[in-house]
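[1] The sequence and its predicted three-dimensional model are supplied below.
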Amino acid sequence: MAYNTAAYKKPSNVLTKYGMTHDGKVYPVLGETYSIKGELKALGAVFSRGIGWFFVDKTMADKCGRPYCELPVSEIVSSTGPNKFDFIYEEEIKAMIEPFQPKLERVIVGSADSDYVGEIGQEIEVDVDIKKVFAFNGRYGESYMFLMEDEDGNIFMWNTKSRNVDDYPEETRWTVRGKVKEHKEYSGVKQTVLTYCKMN
C-alpha cells in the first residue's frame, strides 16, 4: 500500500492528532457536509482533507443523524518512522469512501432534451435557472457545483470556490457569462461545463 512520503518531513503522528488507535476505526460522514460543519464539529467530528469530516467515536457518528461509512484505521495510515504514522495518499482514502457516497440525483426538469451549447473554448452568454447547488469539502477547501438549465432545457455545470451559495439560491434566474470548458455526459444527460463565469 502506498503512503504519503511527505510525512517523513513532518513530526506529526495522526493517531495522536485525531485520537485514533491503529486497530480502531473511523466513521466518515457521507454526502454534503459543508452546510453542517459547525454541527459536526460541535458533536466531536474532526476534518482531514482526505477523509473529510469524520468521527472516531461510533456513538457520536450515530448521534449526528447523517449517513456514514466505516474505515479501519490500519488501512488509511502508514508508519513513517518509530511511533509515527501519517495518512496514505488522499486519493486512495477518497477511493475507499466513494462507493458509499450517495449519488447526485437527477433533478433537472426536461434533462432528456439537453444538448451541448457552444464550442470548447468559446465564450458564451446564456440565461439560466439555477436548479441545484451542491457544496463540497474538497482537496482545496470548500467549493460549489451549480447545475443550471436554460429555456431550451440545456444543462450547464459550473464548479467554483468563489461563490456563496446563499447569494445564488435555487430556482432563481441569472445571466451567466463564461467560457465552455468541456462537453460531457452524466447519466445520459448532455452537460456543457463552464468556467470563468460571471453571474448577473
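    Arrived safely, thanks for sending.
[2] from here on, contacts and neighbour counts on C-alpha atoms
    Will do.
[3] what's the single longest strand in the chain?
    strand 123-138 (DSSP state E).
[4] Quick one: list the elements packing against that strand.
    strand 141-150, strand 173-186 (3 or more C-alpha pairs under 8 Å, 6 or more residues apart in numbering; DSSP states H and E).
[5] mind checking which of the ones you listed is nearest E119?
    strand 173-186 (6.6 Å; C-alpha to C-alpha).
[6] per-residue confidence averaged over that closest one?
    In this model, strand 173-186 has an average pLDDT of 92.
[7] in the protein, which spans are helices?
    Assigned by DSSP state H, the chain shows helices spanning 14-18, 37-42, 58-64, 73-76, 90-97.
[8] okay, these in TSV with distance to G118 next?
    TSV is the format used below for these (distance: least, C-alpha to C-alpha, whole Å):
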stretch	distance to G118
helix 14-18	48
helix 37-42	38
helix 58-64	44
helix 73-76	43
helix 90-97	33
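[9] Most tightly packed of those?
    helix 73-76 (a mean of 18; mean count of other C-alpha atoms under 10 Å).
[10] which one is P28 nearest to, not counting chain neighbours?
    Spatial nearest neighbour of P28, excluding adjacent residues (C-alpha to C-alpha, 6 or more residues apart in numbering): F54 at 4.0 Å.
[11] Please report how far that neighbour lies from K184.
    32 Å (C-alpha to C-alpha, to the nearest Å).
[12] okay, the helix or strand bottoming out on mean pLDDT in the chain in PDB with CA atoms only?
    Within the chain, no helix or strand scores below strand 141-150, which has a mean of 81 by mean pLDDT, DSSP states H and E. Provided in PDB are the C-alpha atoms of strand 141-150 (Å, rounded to 0.1, in the frame of the first residue of the first chain):
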ATOM      1  CA  GLY A 141     -11.200  23.600   0.600                       C
ATOM      2  CA  GLU A 142     -14.900  24.500   0.100                       C
ATOM      3  CA  SER A 143     -16.300  24.600  -3.400                       C
ATOM      4  CA  TYR A 144     -19.700  24.700  -5.100                       C
ATOM      5  CA  MET A 145     -21.200  22.900  -8.100                       C
ATOM      6  CA  PHE A 146     -24.000  24.800  -9.800                       C
ATOM      7  CA  LEU A 147     -26.400  22.800 -12.100                       C
ATOM      8  CA  MET A 148     -28.300  25.200 -14.300                       C
ATOM      9  CA  GLU A 149     -30.800  24.900 -17.200                       C
ATOM     10  CA  ASP A 150     -31.700  27.300 -20.000                       C
END
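[13] buried ones in it?
    By 16 or more other C-alpha atoms under 10 Å, the buried positions in strand 141-150 come out as S143, Y144, M145, F146, L147, M148, E149, D150.
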